[in-house]
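In: A predicted structure for the sequence below; I have some questions about it.
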Amino acid sequence: MNDSILNRDPLDPATTECPFDYYQALREDGGVFQVPNRNFFLVSRYDLVMQVVKDTDTFSSKTGVQVPSAADGSHRPREGVVRTLLTADPPEHRFYRTMVNKAFSLKRVSSWEPRIREIANELIDDFITDANCEINYAFAVPLPMIVIIEALGLPRDMLRQFKTWSDTISLLGGMLSKEEVAAVQVLRQDFSAWVDNIIADRKQNLGDDFISDLIRASFKESRPLNDAELNSIVLQFLVAGNETTTNTITSGMLLLLKHPDQMKLVLEDRALIPNLVEEVLRVESPVQTHFRYATKATELNGVKIPEGAGVGVMYGCANRDKAHFDHADSFDLQRTNASKHLAFSQGIHFCPGAPLARLESAIAFEQLFDRLQNFQLDKSRSDLRHLPSFTHRSLKKVQITFDSKIADITR
């Protein structure tokens, strides 16, 4: 049975739409698997994923997170590319990360709570009288986008354009045609050029925002960041600053609608909302897989991996590892170790925006539950498929109906 499952192409849309039996087969096979015909390696077990992400000497992030495209599965980094944060290795990574950690400190993120709550309520105001909404684009998309745009000091009227640009980067999940990849690259270049103009303007008009903080900062306490470094970091935050939260809110609502017993639990005990967020991140990890490359020939759990090979770190698969999570495929808001998931990675590349994503997601559910009730899924107007991607998991359309609570009706 496992052999037939493992012969599937992991990039086939039928596999990515519902990958969990494939994930189970990978874990049961031993946790390190060379994909037939594509020849890159997939690391699927929780313990082995942890081993890879913490061994940055052997498994480098310099290639970026995209799926290897070479026929032999190799994934060596290109020359002449600026690498920061996600695409940097030690020791340089530490210096970039230190600057970003200051900008997104827990104290600073916590200070944004009133504004995040205000934005959530403004969005709910826009659809509350309709008794229905498409939860993704009416609420889950704009909430984190507005927050990160304001944090970066960027114009809010660019929201739709930012989302288009952000989607182009997250679309590079290994499943686009050559023509589609070329079109995405053009959009990315437009995005990058726009950010360059913003940086140039901000240098002349520094403010109290994240981009200004980066311009003022010193790399290794010896020089300012150059324009290419600034561009790289801003682009990463515009994407990472919204995708995780959007997908957590939308997937979380759908999971609750599909599991009314769990919906009842959280509506009766709001103290479960933080654990709801963690369990959604575990069960429907927004980032399913990121890639590394092997800097030298190595061996992982008895499997030989050649130098230069692409190595997929499967967070979404590890988060359903039964060796680490009891009844791992179940959605359980009372799970005691839900927060031990790897949705934000681990090690040096643990997501610096994790505190913000957790806060935004928790506030989103709090405000929805405070103001709305009797949630129902409108199946006829929903498209519950996921956008085609091996690396990310994002629902297309979740239409819901609801009733307003009395406090809103009488306003």
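Out: Arrived safely, thanks for sending. Numbers count the residues shown, from 1 in each chain.
In: Strands of this protein, start to end?
Out: Using DSSP state E, the strands found in the chain span residues 32-34, 41-43, 59-60, 132-134, 218-219, 223-224, 290-294, 298-300, 303-305, 310-313, 372-377, 383-386, 395-397, 399-404.
In: now the ones you listed in CSV, with mean pLDDT?
Out: Below are those laid out as CSV (pLDDT from 0 to 100):
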stretch, mean pLDDT
strand 32-34, 98
strand 41-43, 98
strand 59-60, 98
strand 132-134, 97
strand 218-219, 84
strand 223-224, 91
strand 290-294, 96
strand 298-300, 98
strand 303-305, 98
strand 310-313, 98
strand 372-377, 98
strand 383-386, 96
strand 395-397, 95
strand 399-404, 98
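In: Any chance of a markdown table for those, columns mean neighbour count and distance to residue 246?
Out: (Each C-beta comes from the backbone N, C-alpha and C, glycine too.) As requested, these are arranged in a markdown table below (neighbours: other Cβ atoms under 10 Å; distance: least, Cβ to Cβ, whole Å):
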| stretch | mean neighbour count | distance to residue 246 |
| --- | --- | --- |
| strand 32-34 | 19 | 30 |
| strand 41-43 | 26 | 26 |
| strand 59-60 | 22 | 28 |
| strand 132-134 | 18 | 13 |
| strand 218-219 | 14 | 31 |
| strand 223-224 | 11 | 33 |
| strand 290-294 | 23 | 18 |
| strand 298-300 | 15 | 33 |
| strand 303-305 | 17 | 34 |
| strand 310-313 | 27 | 22 |
| strand 372-377 | 15 | 18 |
| strand 383-386 | 15 | 13 |
| strand 395-397 | 16 | 9 |
| strand 399-404 | 18 | 15 |
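In: I'd like these as CSV, with distance to residue 272 appended.
Out: Listed next are those as CSV, based on distance: least, Cβ to Cβ, whole Å:
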stretch, distance to residue 272
strand 32-34, 36
strand 41-43, 32
strand 59-60, 36
strand 132-134, 23
strand 218-219, 43
strand 223-224, 46
strand 290-294, 29
strand 298-300, 37
strand 303-305, 40
strand 310-313, 30
strand 372-377, 16
strand 383-386, 24
strand 395-397, 22
strand 399-404, 20
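In: Residue 28 against residue 3, yeah?
Out: No. The pair residue 28 / residue 3 is not scored as a contact, 11.0 Å apart, by Cβ atoms under 8 Å.
In: quick one: which of these two has more around it?
Out: residue 28 (15 against 8; other Cβ atoms under 10 Å).
In: Next up, the contacts around the more buried one.
Out: With contact set as Cβ atoms under 8 Å, 6 or more residues apart in numbering, residue 28 has these partners: residue 2.
In: Can you point out the buried residues in stretch 210-228?
Out: For stretch 210-228, a neighbour-count test (16 or more other Cβ atoms under 10 Å) marks 210-215, 217, 219, 225 as buried.
In: Surely residue 238 is in contact with residue 152?
Out: Yes. Using Cβ under 8 Å, residue 238 makes contact with residue 152 at a distance of 7.1 Å.
In: what is in contact with these two at once?
Out: Common neighbours of residue 238 and residue 152 (criterion: Cβ under 8 Å, 6+ apart): none identified.
In: tell me which helix or strand of this structure sits lowest on mean pLDDT?
Out: One helix or strand of the chain scores below all others by mean pLDDT, DSSP states H and E: helix 406-409, with a mean of 60.
In: where's the nearest residue to residue 5 once chain neighbours are set aside relative to residue 16, distance?
Out: Excluding its sequence neighbours, the residue lying closest to residue 5 (Cβ to Cβ, 6 or more residues apart in numbering) is residue 25, at 4.1 Å. Distance of residue 25 to residue 16, computed by Cβ to Cβ, to the nearest Å: 15 Å.
In: before we move on, the earlier item: of the buried residues of stretch 210-228, which one scores lowest on pLDDT?
Out: Among the buried residues of stretch 210-228, residue 219 carries the lowest pLDDT, at 83.
In: so that residue makes contact with residue 97?
Out: No. At 11.5 Å, residue 219 does not count as touching residue 97 under the criterion of Cβ under 8 Å.
In: related to what we said a few turns ago, closest one of the buried residues of stretch 210-228 to residue 250?
Out: Each of those was checked against residue 250 using Cβ to Cβ; the closest is residue 210, at 25.3 Å.
In: Pull the contacting residues for the nearest residue to residue 81 once chain neighbours are set aside.
Out: Leaving aside its chain neighbours, residue 81 sits nearest to residue 87 (7.5 Å; criterion: Cβ to Cβ, 6+ apart). Counting by Cβ under 8 Å, 6+ apart, residue 87 touches 61-64, 81, 232.
In: picking that back up, between residue 25 and residue 16, which one's more packed in?
Out: A direct count of neighbours by other Cβ under 10 Å for residue 25 and residue 16 places residue 16 higher, at 23 against 19.
In: Would you agree the more buried one is in contact with residue 385?
Out: No. Assessed by Cβ under 8 Å, residue 16 is found out of contact with residue 385, at 10.1 Å.
In: still on that earlier bit, compare the strands of the chain and report which one is nearest to residue 193.
Out: strand 223-224 (21.0 Å).
In: Residues contacting the closest one, please?
Out: 215-218.
In: Please repeat the previous calculation with a cut-off of 6 Å.
Out: For strand 223-224, there are no external contacting residues (Cβ atoms under 6 Å, 6 or more residues apart in numbering).
In: gap between that strand and the chain center?
Out: Distance of strand 223-224 from the chain centroid (Cα atoms, centre = their mean, to the nearest Å) equals 30 Å.
In: List the strands paired with it, with their directions.
Out: When pairing is defined by DSSP bridges, strand 223-224 lines up against strand 218-219 (antiparallel).
In: Helices of the stretch 51-200 of the chain, start to end?
Out: 92-103, 106-111, 113-127, 135, 142-152, 159-170, 178-204 (DSSP state H, counting those that start in this stretch).
In: Many thanks, I have nothing further to ask.
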